[in-house]
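Colleague: With the input below, show me the fold.
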Amino acid sequence: MEASEFNRIAEQYTDIVYRSALSYCKNKNDAEDAVQNTFLKLLKTNLEFNDEEHIRRWLIKVAVNECKNIWKSFWRRNVTSFDDLDKEPVYIESEKEELFNEVMKLPPKYSVVIHLYYYEGYSVKEIAKILNISDTNVQTRLMRARNKIREQLKGAWI
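Modeller: Now for the predicted structure:
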């Protein structure tokens, strides 16, 4: 891959990859590591991309896999982080901020499908392909995540 093409892709997709990684890792530092590893893999790959959507899907898929690797690592399982999510998106409306905070409290398998579906605009079929799970599994995770968020928000309003 040429340096100019790599720079263009990195500039265009870093934010999307970071947000996807953050929704899975729930930790700024781990998300940054996943993004860095994702773009290193992009630099090393010989894969020919069909179009921009193919690049975007590939990057998100690799980022999610990198997050899974981070979560499975010896270091992650045996060290407690003092630096919880300290860099959150800024929202003008407090409802959106509250909703984002509730999404971030979900387990990774739920927060990543919510992020890809609502924030990135992927369909159930596309998410299934990115995460290597069935369409039904994506729909189930979305339903469970919505129910969990609904319950969490009910508790906040009582």
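Colleague: and the next element down the chain from whichever helix or strand Ile114 is part of?
Modeller: Per DSSP states H and E: Ile114 is located in helix 108-114. Beyond helix 108-114 in the direction of the C-terminus, DSSP H and E gives the next helix or strand as helix 124-131.
Colleague: That next one - contacts with which helices or strands?
Modeller: Helices and strands touching helix 124-131, by 3 or more C-beta pairs under 8 Å, 6 or more residues apart in numbering; DSSP states H and E, are helix 52-72, helix 108-114, helix 135-157. Placement of C-beta: from N, CA and C, glycine included.
Colleague: Name the surrounding residues that touch the first one.
Modeller: The set of residues external to helix 52-72 that reach it, using C-beta atoms under 8 Å, 6 or more residues apart in numbering, is 9, 13, 16-17, 20-21, 24-25, 30-31, 33-35, 37-38, 41-42, 47, 49, 76, 108, 112, 116, 120, 126, 129-132.
Colleague: hang on, the earlier thing: and the helices and strands packed on helix 124-131, which is most packed in?
Modeller: Of all the helices and strands packed on helix 124-131, helix 108-114 has the most neighbours on average by mean count of other C-beta atoms under 10 Å, namely a mean of 22.
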